[in-house]
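J.: Make a model of this:
(2 chains)
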Number of protein chains: 2
Amino acid sequence: MQRIEQHACFGGTQEVWQHPSSTLDCQMRFGVYLPPQAARGPCPVLYWLSGLTCTEQNFITKAGAQRYAAEHGLVLVAPDTSPRGSDVPDQEDAWDLGQGAGFYLNATREPWSRHYRMHDYVVDELPALVDAHFPTTTARGISGHSMGGHGALVIALRNPGRYRSVSAFSPIVAPSRVPWGRQAFDAYLGDDEAAWKQWDACELLRDADERLPLLVDQGDADEFLQRELRPDLLRDACEAAGHPLTLRMQPGYDHSYYFIASFIGDHLAHHAAALK
Amino acid sequence: MQRIEQHACFGGTQEVWQHPSSTLDCQMRFGVYLPPQAARGPCPVLYWLSGLTCTEQNFITKAGAQRYAAEHGLVLVAPDTSPRGSDVPDQEDAWDLGQGAGFYLNATREPWSRHYRMHDYVVDELPALVDAHFPTTTARGISGHSMGGHGALVIALRNPGRYRSVSAFSPIVAPSRVPWGRQAFDAYLGDDEAAWKQWDACELLRDADERLPLLVDQGDADEFLQRELRPDLLRDACEAAGHPLTLRMQPGYDHSYYFIASFIGDHLAHHAAALK
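T.: Residues are numbered from 1 along each chain as shown, chains lettered A, B, ... in the order given. A predicted model of the protein is given here:
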């Protein structure tokens, strides 16, 4: 594992690391913020999953999360959004399929199944690397934006006991029922829609063993609200399942990092309360 | 003038505008953050000048300043760093001369003198536009980073009475004496070094009429510290002139926006105290 960036930031350090991933069979990068408290002892970790087209850079440069992580003593880990490299299949004419669009699942169809295993990377390989190299406790939270909000919800719901807190910004809550998700699931998982349910937060909520409270922020001026995001479906699924949900519709906010920056402090406080 | 971006942000709005500039004889863009207080009445304005290679985007996406501007009720205005466009001369093999490197001066040499008049744009044309289109008071502060820190110091020193507050991150304090500045001044102003003094903060401090206190933050791990920035020369010049300076050497910090984000809150508090 090789450190390729290191910057002092709010009394801690923002770093970027590169490593060969055995799960994804390619080189991967992730950002890690070590708060000042990490110099004195282990800290809990919040994993952040970014959205379509993003790399490990978007969150670490634009969200302004380090200020709050330094206040709460949280390590922040921000992986890339898909396997990468010239050997990794891509859909060159699409920004919502292939590289930059891993959808945090394990693909079963060709040509994707060898590299596109972001679920296992985020849940197993990455935390093992993080815990081996940085001063972390076993307390973990997970959050993300858009495709990464889908990832955070699905990963928390599929892995009860592994995360103590979960939240999302503008998540794709029902990928089986919206164009971005249907295109990705059809490519990565095939056309048997029954197999899609295990990667769909609204479907997973039906049988969730664990009642981890969900904090979701959604801008009501989000250009993808009605077509791709559908927070109404999440509200319905949580009501039907009796699952605790705090869904905040934020008036005037869009899908950008200006929205995330405006409310990331609330999310870090939510995670810190559960992780301490 | 045309609005090309608008995003809700910390209860206000982050916008980007494009307009034809008569001073620079080209189309220009600038970012403007309107805090929530601007919906209720006029607010003071902090002008931010960015560094080499930047556009109007860097500060608005990476500095995290909007949070503090919303607390203090400050409008933030972030112009581009040079004239732009295919008609505007450029030095294509250099990132530190030509487009992206206007140095906030009025060029006198060819081929630069027609377009490269960033001093007059920032001091006159841009504030007139801002004050005509947005709810602003006449209270103005100015700040910036690196080349833009040079710009903030020089513009404040050349225009006594026009700004109530000034600060800088990692400024080029003595451009006449360092490689970035000497290359730019030689190109834009010619080889008569006497003419350079009116664009050099350390030179201007000798005869400053106004004793506006300077707040300067400088990372001690900045890769350009000894060769280009030389805060020691600013300290000497302020001591010799009896000019008030708060120079904070920040241990471990580099030249990046991670450094700016870490301390921009202090700078906005400094400006807000002077502008209210």
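
J.: residues contacting A:Gln183?
T.: Contacts for A:Gln183 (C-beta atoms under 8 Å, 6 or more residues apart in numbering or on different chains) come out as A:Asp96, A:Leu97. C-beta here means a position set from N, CA and C on the backbone, and glycine is covered the same way.

J.: Is it within a helix or a strand, and which one?
T.: Secondary structure assigned from DSSP states H and E places A:Gln183 in helix A:179-189.

J.: I'd like to know the average pLDDT value across that helix.
T.: Across helix A:179-189, pLDDT averages out at 98.

J.: Check the offset of that helix from the chain's centre.
T.: How far helix A:179-189 lies from its chain's middle: 18 Å, per C-alpha atoms, centre = their mean, to the nearest Å.

J.: Might you report the residue contacts of the residue of the stretch 51-200 of chain A found nearest chain B?
T.: Closest contact between the stretch 51-200 of chain A and chain B, by C-beta to the nearest C-beta, is at A:Gly64 (3.7 Å). Contacts here follow C-beta under 8 Å, 6+ apart; on that basis A:Gly64 touches A:Ala261, A:Ile264, B:Gly64, B:Arg67, B:Ala261.

J.: Which two of those residues have the greatest separation?
T.: Greatest spatial distance in the contacts of A:Gly64: A:Ile264 and B:Ala261, 12.8 Å, computed using C-beta to C-beta.

J.: between these two, which one's more packed in?
T.: Neighbours were counted for A:Ile264 and for B:Ala261 using other C-beta atoms under 10 Å in any protein chain shown; A:Ile264 has more, 28 against 21.

J.: ok, now which ones touch the more buried one?
T.: Here A:Ile264 is in contact with A:Ala63, A:Gly64, A:Ala65, A:Tyr68 (criterion: C-beta under 8 Å, 6+ apart).

J.: And it, which helix or strand is it part of?
T.: Using DSSP H and E, A:Ile264 falls within helix A:257-275.

J.: Buried residues in that helix, which are they?
T.: Buried residues in helix A:257-275, counted by 16 or more other C-beta atoms under 10 Å in any protein chain shown: A:257-265, A:267-268, A:270-272, A:274-275.

J.: Helices - which of the contacts of A:Ile264 land there?
T.: Mapping the contacts of A:Ile264 onto helices (DSSP state H) picks out A:Tyr68.

J.: Make a markdown table from the contacts of A:Ile264 and add pLDDT and distance to B:Phe185 to it.
T.: Output for those, formatted as a markdown table (pLDDT from 0 to 100; distance: C-beta to C-beta, whole Å):
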| residue | pLDDT | distance to B:Phe185 |
| --- | --- | --- |
| A:Ala63 | 98 | 38 |
| A:Gly64 | 98 | 36 |
| A:Ala65 | 98 | 40 |
| A:Tyr68 | 98 | 42 |
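
J.: Could you tell me which residues of the stretch 1-150 of chain A lie near chain B?
T.: Within the stretch 1-150 of chain A, the positions lying close to chain B (C-beta under 8 Å from any C-beta of the partner chain) are A:His7, A:Ala8, A:Cys9, A:Phe10, A:Gly11, A:Gln14, A:Thr61, A:Lys62, A:Gly64, A:Gln66, A:Arg67.

J.: Helix, strand, or coil at the second one?
T.: Read that as A:Ala8. Three-state call for A:Ala8 (DSSP: H, G, I helix; E, B strand; the rest coil): strand.

J.: Per-residue pLDDT of it, please?
T.: Note for A:Ala8: predicted pLDDT of 98.

J.: One more: the last one?
T.: Per-residue confidence for A:Arg67 comes out at a pLDDT of 98.

J.: ok, for it, nearest residue in space, not its chain neighbours?
T.: Nearest non-adjacent residue to A:Arg67, counting by C-beta to C-beta, 6 or more residues apart in numbering or on different chains: A:Phe10, 5.3 Å away.

J.: quick one: A:Phe103 and A:Ala184 touch, right?
T.: Yes: using C-beta atoms under 8 Å, A:Phe103 is in contact with A:Ala184, at 4.7 Å.

J.: Give me the common contacts of these two.
T.: In contact with both A:Phe103 and A:Ala184: A:Pro175, using C-beta under 8 Å, 6+ apart.

J.: Flag every buried residue along stretch A:220-235.
T.: For stretch A:220-235, by 16+ other C-beta under 10 Å, it's A:Asp222, A:Phe224, A:Leu225, A:Glu228, A:Leu229, A:Arg230, A:Pro231, A:Leu233, A:Leu234.

J.: can you give me how far it is from the chain middle?
T.: 18 Å.

J.: ditto for stretch A:111-118
T.: 18 Å.

J.: repeat for stretch A:38-50
T.: 15 Å.

J.: Endpoints of that stretch, how far apart?
T.: 24 Å (C-alpha to C-alpha, to the nearest Å).

J.: Residues in a beta bridge with the residue nearest in space to the middle of chain A, which ones?
T.: Geometric centre of chain A, nearest residue: A:Leu49, 2.3 Å, by C-alpha atoms, centre = their mean. Beta bridges link A:Leu49 to A:Gly144 when assigned by DSSP bridges.

J.: Now do the same contact list for A:Gly265.
T.: A:Gly265 touches A:Arg67, A:Tyr68, counting by C-beta under 8 Å, 6+ apart.

J.: how near is it to B:Asp217?
T.: 23 Å (C-beta to C-beta, to the nearest Å).

J.: Ok, A:Gly100 next?
T.: From A:Gly100 over to B:Asp217 (counting by C-beta to C-beta), the distance is 36 Å.

J.: more crowded one of the two?
T.: B:Asp217 (25 against 21).

J.: hang on, that one packs against B:Gln250?
T.: Yes: counting by C-beta under 8 Å, B:Asp217 does reach B:Gln250; the two are 5.8 Å apart.

J.: shared neighbours of those two, anything?
T.: B:Phe259, B:Phe263.

J.: What angle do helix A:257-275 and the host helix or strand of A:Thr138 make with each other?
T.: Secondary structure from DSSP H and E places A:Thr138 in strand A:136-144. Strand A:136-144 and helix A:257-275 are oriented at 140 degrees to each other (axes from the mean of the first three to the mean of the last three C-alpha atoms, to 10 degrees).

J.: average pLDDT across strand A:136-144?
T.: Strand A:136-144 carries an average pLDDT of 98.

J.: go on, stretch A:161-175?
T.: pLDDT averaged over stretch A:161-175 gives 98.

J.: Of all the residues in it, which ones are buried?
T.: For stretch A:161-175, by 16+ other C-beta under 10 Å, it's A:163-175.

J.: tell me how far the ends of that stretch are from each other?
T.: End-to-end distance for stretch A:161-175, by C-alpha to C-alpha: 24 Å.

J.: same question, stretch A:159-170
T.: 21 Å.

J.: gap between the closest residue to A:Trp199 other than its chain neighbours and A:Gly98?
T.: The shortest distance from A:Trp199 to any non-neighbouring residue, by C-beta to C-beta, 6+ apart, is to A:Leu105 (4.7 Å). In this view, A:Leu105 and A:Gly98 are 13 Å apart by C-beta to C-beta.

J.: Show me which of the two is the more surrounded one.
T.: The neighbour comparison of A:Leu105 against A:Gly98 (other C-beta under 10 Å) goes to A:Leu105, with 26 against 22.

J.: residues contacting that one?
T.: A:Tyr116, A:Met118, A:His119, A:Val154, A:Ala184, A:Phe185, A:Tyr188, A:Leu189, A:Trp199.
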